[in-house]
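**Student:** how would this look folded up:
(chains A, B, C, D and E)
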Amino acid sequence: MDIATTLGLVLGAFLVFLGITFNVSTFSFHIGTIQYFIDPPSIMIVVGGTFSAVLASFPLSKVMRLGRVVARAFRQAPEELIETLTLIIDVSKIARKNILAIEDALPSIDNLYLRNGLRLVVDRVDRELIIDIMHSEMRYMEMRRDEDIAMLKAFGSFSPAFGMIGTLIGLIILLQNLSDPSSIGPAMAVAIITTFYGTIMANLMFLPWSNKLNAQKGQDKVLREMIRDGVLYIEKGERPEFIEQDLMNYLPPEMKQLYDEMKFESARTEA
Amino acid sequence: MDIATTLGLVLGAFLVFLGITFNVSTFSFHIGTIQYFIDPPSIMIVVGGTFSAVLASFPLSKVMRLGRVVARAFRQAPEELIETLTLIIDVSKIARKNILAIEDALPSIDNLYLRNGLRLVVDRVDRELIIDIMHSEMRYMEMRRDEDIAMLKAFGSFSPAFGMIGTLIGLIILLQNLSDPSSIGPAMAVAIITTFYGTIMANLMFLPWSNKLNAQKGQDKVLREMIRDGVLYIEKGERPEFIEQDLMNYLPPEMKQLYDEMKFESARTEA
Amino acid sequence: MDIATTLGLVLGAFLVFLGITFNVSTFSFHIGTIQYFIDPPSIMIVVGGTFSAVLASFPLSKVMRLGRVVARAFRQAPEELIETLTLIIDVSKIARKNILAIEDALPSIDNLYLRNGLRLVVDRVDRELIIDIMHSEMRYMEMRRDEDIAMLKAFGSFSPAFGMIGTLIGLIILLQNLSDPSSIGPAMAVAIITTFYGTIMANLMFLPWSNKLNAQKGQDKVLREMIRDGVLYIEKGERPEFIEQDLMNYLPPEMKQLYDEMKFESARTEA
Amino acid sequence: MDIATTLGLVLGAFLVFLGITFNVSTFSFHIGTIQYFIDPPSIMIVVGGTFSAVLASFPLSKVMRLGRVVARAFRQAPEELIETLTLIIDVSKIARKNILAIEDALPSIDNLYLRNGLRLVVDRVDRELIIDIMHSEMRYMEMRRDEDIAMLKAFGSFSPAFGMIGTLIGLIILLQNLSDPSSIGPAMAVAIITTFYGTIMANLMFLPWSNKLNAQKGQDKVLREMIRDGVLYIEKGERPEFIEQDLMNYLPPEMKQLYDEMKFESARTEA
Amino acid sequence: MDIATTLGLVLGAFLVFLGITFNVSTFSFHIGTIQYFIDPPSIMIVVGGTFSAVLASFPLSKVMRLGRVVARAFRQAPEELIETLTLIIDVSKIARKNILAIEDALPSIDNLYLRNGLRLVVDRVDRELIIDIMHSEMRYMEMRRDEDIAMLKAFGSFSPAFGMIGTLIGLIILLQNLSDPSSIGPAMAVAIITTFYGTIMANLMFLPWSNKLNAQKGQDKVLREMIRDGVLYIEKGERPEFIEQDLMNYLPPEMKQLYDEMKFESARTEA
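**Tutor:** Purely as a prediction, here's the structure:
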């Protein structure tokens, strides 16, 4: 779990809440002010309208994965690199003795890309075909990530637009009913609320989430490249020492050091 | 049929309708409010102006295909992958026995790219020329899709602009006739309606539709690449098992599984 | 002549005119309203200012070709593909008998790229040099088209900016002279007119025109590639049937069919 | 000297001046109006603020070259192509007789890239090293041009931002002092002036200048490629006729014709 | 230390301070005006909200490096090129005598990329592996720089958004409490302050800083390429003269001259 995205969302929401309720001149909270900012029809137009536009923008199967896509923004990826490298080395040691023995290890492997790749090795699939299959899977995963990011970006760009549409609706109704001057202010306030919702949705939720997925993309690519190389080395029956030395180049410098320390410690423990 | 785009459009329109007519304080519908939002000259300026700008932006032949382009956004593509793969395998089995026998199957093939490709095989056209012709067709289809997307994007960017032009016209006329203060409000409301129309057109229609076509682009490319490879394997007289194994790499992982299950079931049925 | 751009411009201008003069409540025309939208100093600032900014943005020689660049947006390109292919085949037939006999056909060839290419063949220039020269000409034509599009885009982005500059000038003068309240409305109206001009110039003229040139770019590139291949085949003394078969791949699918029909008809006429 | 940029700047400034001082209803000039548009603190905030932001954006050495970068936008490049080609041919004739005799010609060569390249030839530097050195110089010149354009674009995007900052400052002070209604208009006018300055700075100065440098980039690249090829041909002792024929492909078509005419004329004069 | 970024920030802040406090009509300072521009809750919303959005956009480890990333914008890079070249030459001289003697020099080398590379040479690591390791490190450093720039850009784009959110909050509260007309002005002023903060944060801080890091990127890439080539030459035992001649091509032209002068001077001093 990466707490950054959760933290950012909570902190941002809290600050907006503070900005709404805290009165600096009297240095006190006016919780009542929060009622000015809650307007169910406005929520309906902005959230519903944005969702409608996104629904119209992507295949249904894609939109139905929204929950999982957003959840990805909240989870952490990087440590997997070291864990996965360790796992590959362990598997390669088993494979050197008896390649079919890998099969017992498969169910415990969480990473689907690695598990599928190793299954191909166990099934003695032709090396060329393994390369093709793993390349095809990698291509699809990257296409999917790009689509995920595109969907979150679509949310981020449609929400201010529907915020503006809500404000335009409010303004038009307001301008057609100017008879009672005292009601103009509150009516205007309500009209503006949709713009407020749309801006919050874009800048505190969907744009940061699409940024996050974008930042993960590079790391995921490195992880997959490492797995692909690892599987092919195992298929070839390469020595674990060589695999380790070569795959370590996929680790960022500071992780390389961490990995060395871990190995040293585990060696000491073993000894 | 992919219902997502239809659903998104209907849902979005309904929510905007609700936003206009539903009064939260009295918790009742005011259908009358809808009249504030219907103004034929405003529709004329925004829809007509946007269409004029798009007409001036593309060759006439392109603009006349608008209906078909929009219709594409409403239809589903992905299942074709499995159907087309099955079709290619079936044809390859026929071709192994007698390559000329494919001809009888041609009329029943809906996908034009596949049908044209197979006709070349039946006509015993030189392999190199088949590659050239299929590559040329693919290039043109991609150019056409890119132009389709560009046209929908042009609609999406010109409609808010003509919404603003309409509002400017309304404002200028209004400001020249300020004598009657009571008419300012409604006149202003009418002036703003064009901006409302332009924003709705862009965000509930043309931008989602261009997004949708963009999302289909990648899938269509995969489909065409699979067809091209399939046709060339058939021309070469390759074994159906090999073709299947190789082309399955064009399926996304979850479809691969679906395809395996389908095959298993049909095998059981046959047995 | 492609009427789309002309039609779009005329239709758009007519709709704006209608939007200004047609009064929906009285269902009558108020031609007098048009005077609110004609303000020579505003035209001067927006048109002149935009032109100044474009003038400062490109070499003088480029800006002086503005008329020709805009004219390109109004003319049609695609049919040339078939005509040019027919022409290349005809020339290749002459060349098979006597390559020097092409010279007589040169003056009647409109397309400069084709004419220059064939002249090199007639002059028995070295094949490698023909490739170099045709490649260099193609590169320059593409650079020029890109510059043309950049210039129209510059018009499209500077015109709203100078519309805003005009409005700012009007607003500043207005705000300094608020003594007479009754004049505020009309003065404000005049201030806004420049924004109206700038938006119209961008969205009904220069942006559609740059879109149009952009749409033509792909087609022109295909045409030039076909010509280049054709000239090199003629230089090599290739058979007309082969040239036709190969160059037909440059035609979009529906043109290919059209071309086949034309050929069939002309063959029947000849027979 | 290319007068386009100078002309555009002068014409634009004149039109803005006219737009400010010319009163169309009385058809007379009100030079006094110009005072509404001159406000030293506003100039300070916009010009100074924009400069500060650019200063913070680039290394000091880069910002100190601003004068030279802007000057580049005002000078003409294209004729150099023909002059440089003529020069290379002349030098190649000298080199054929005695390669060391080039040295006497070096001081008269203005183009640094050509002069440095020829000096390497005179110094009998290894051909491979000449290629490396010229490639490295070309790379640095392109990096520098890209940085120049980036700096002008930064000016163009920071100036409207600081215009807006100035207006916000004015508005905040104004809103805190609403006691005297008669002063609101002029105070508002002054607040808006910074936006006016920022927009003018961006659209009449820095954006056109960055466009201009961008337009020159392509031409400069062609010039440098021609020089590099020329220097390498001279080093190789290639025949002047061959060099001319090959390098002429770097000329745009219409210059090629001009060059042929010049050569013909000079040949006639010589004869 | 590059003073440009510090200077720009200080100068810009000073000019904004001047714009706020200096009254041009009375030609005096009104320090009191500064109080209109200091509003702690507004600072909290804009700074806190922007930080929250960035926190939600990147992994926690990335955001925690913010201080170091900003610090990079304030430090100078270019001179390192000459110093590093000199260092590489010095090391290559040692290496020619005894490659293991490099080890003593390692602790004094500041540049980590160079130090790590040389350590590999000392450790007699296989040449192919050195290439892989250095390539992997370079790839990670470039990924990291791109992420750094993306983070600063995210600050630059979220800060105006949270400025607008703050203003919307202020406006909504204000519009709901219009009973006391005299308080409207100041309340509006306070509402606008967040927009002011957001614009300043983006245009005087984060956008210039991201520009600066972007400008450094090219130079850093050149430096790393030079180091990589240098380390590989040293591993190969290449002659110092050759290394110097080849690596000098990584210096920009004006540095090359500076380097020649320095070398000449040091040669004279030695003599």
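**Student:** Tell me which residue in chain A sits closest to chain C.
**Tutor:** A:Gln176 (14.1 Å; CB to the nearest CB). For every residue, glycine as well, the C-beta is placed using N, CA and C.
**Student:** How about the contacts made by that residue?
**Tutor:** For A:Gln176, the contact set (CB atoms under 8 Å, 6 or more residues apart in numbering or on different chains) comprises B:Tyr36, B:Gly185, B:Pro186, B:Ala189.
**Student:** Those residues: which ones sit near chain A?
**Tutor:** Filtering those for proximity to chain A by CB under 8 Å from any CB of the partner chain leaves B:Tyr36, B:Gly185, B:Pro186, B:Ala189.
**Student:** In CSV: those, plus pLDDT.
**Tutor:** Formatted as CSV, the ones next to chain A among the contacts of A:Gln176 follow (pLDDT from 0 to 100):
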residue, pLDDT
B:Tyr36, 89
B:Gly185, 85
B:Pro186, 84
B:Ala189, 90
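**Student:** Let's have those in a markdown table, adding neighbour count.
**Tutor:** Shown next, in a markdown table, are the ones next to chain A among the contacts of A:Gln176 (neighbours: other CB atoms under 10 Å in any protein chain shown):
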| residue | neighbour count |
| --- | --- |
| B:Tyr36 | 18 |
| B:Gly185 | 16 |
| B:Pro186 | 16 |
| B:Ala189 | 23 |
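**Student:** Spatially, which two of those are the most separated?
**Tutor:** Pairwise distances across those peak at 11.0 Å for B:Tyr36 and B:Gly185 (criterion: CB to CB).
**Student:** which bits of the stretch 1-150 of chain A sit near chain B?
**Tutor:** Within reach of chain B by CB under 8 Å from any CB, the stretch 1-150 of chain A has these residues: A:39-41, A:44-45, A:48-49, A:51-63, A:116, A:129, A:132-133, A:135-137, A:140, A:143-144, A:147, A:150.
**Student:** Buried ones among the residues you listed?
**Tutor:** The neighbour count (16 or more other CB atoms under 10 Å in any protein chain shown) marks A:39, A:41, A:44-45, A:48-49, A:51-59, A:62-63, A:116, A:132-133, A:136-137, A:140, A:147, A:150 as buried among these.
**Student:** Which of those fall within strands?
**Tutor:** Assigned to strands by DSSP state E, none of these qualify.
**Student:** List the ones among the residues you listed that fall in helices.
**Tutor:** Using DSSP state H, the subset of those located in helices is A:41, A:49, A:51-57, A:62-63, A:116, A:132-133, A:136-137, A:140, A:147, A:150.
**Student:** who are the neighbours in contact with A:Asp148?
**Tutor:** Taking CB under 8 Å, 6+ apart, we find A:Asp148 in contact with A:Arg65, A:Val69, A:Arg72, A:Leu213.
**Student:** Could you rerun that using 6 Å?
**Tutor:** A:Val69, A:Leu213 (CB atoms under 6 Å, 6 or more residues apart in numbering or on different chains).
**Student:** Make JSON lines from the contacts of A:Gln176 and add secondary structure and distance to chain E to it.
**Tutor:** Listed next are the contacts of A:Gln176 as JSON lines, based on DSSP: H, G, I helix; E, B strand; the rest coil; distance: CB to the nearest CB, whole Å:
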{"residue": "B:Tyr36", "secondary structure": "helix", "distance to chain E": "21"}
{"residue": "B:Gly185", "secondary structure": "helix", "distance to chain E": "17"}
{"residue": "B:Pro186", "secondary structure": "helix", "distance to chain E": "21"}
{"residue": "B:Ala189", "secondary structure": "helix", "distance to chain E": "18"}
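**Student:** any weak-confidence spans in chain A?
**Tutor:** For chain A, applying pLDDT under 70 flags the ranges A:1, A:24-25, A:76-79, A:270-271.
**Student:** Is the residue of it most remote from its centre in a helix, a strand, or coil?
**Tutor:** Ranked by distance from the centre of chain A (CA atoms, centre = their mean), the top residue is A:Ser179, with 50.2 Å. Recorded secondary structure, A:Ser179: coil (DSSP: H, G, I helix; E, B strand; the rest coil).
**Student:** A:Thr50: neighbour count?
**Tutor:** By other CB atoms under 10 Å in any protein chain shown, 29 other residues sit near A:Thr50.
**Student:** Kindly report the same for A:Glu265.
**Tutor:** 10.
**Student:** Kindly report the same for A:Leu168.
**Tutor:** With other CB under 10 Å as criterion, A:Leu168 counts 24.
**Student:** Thanks again, I'm all set now.
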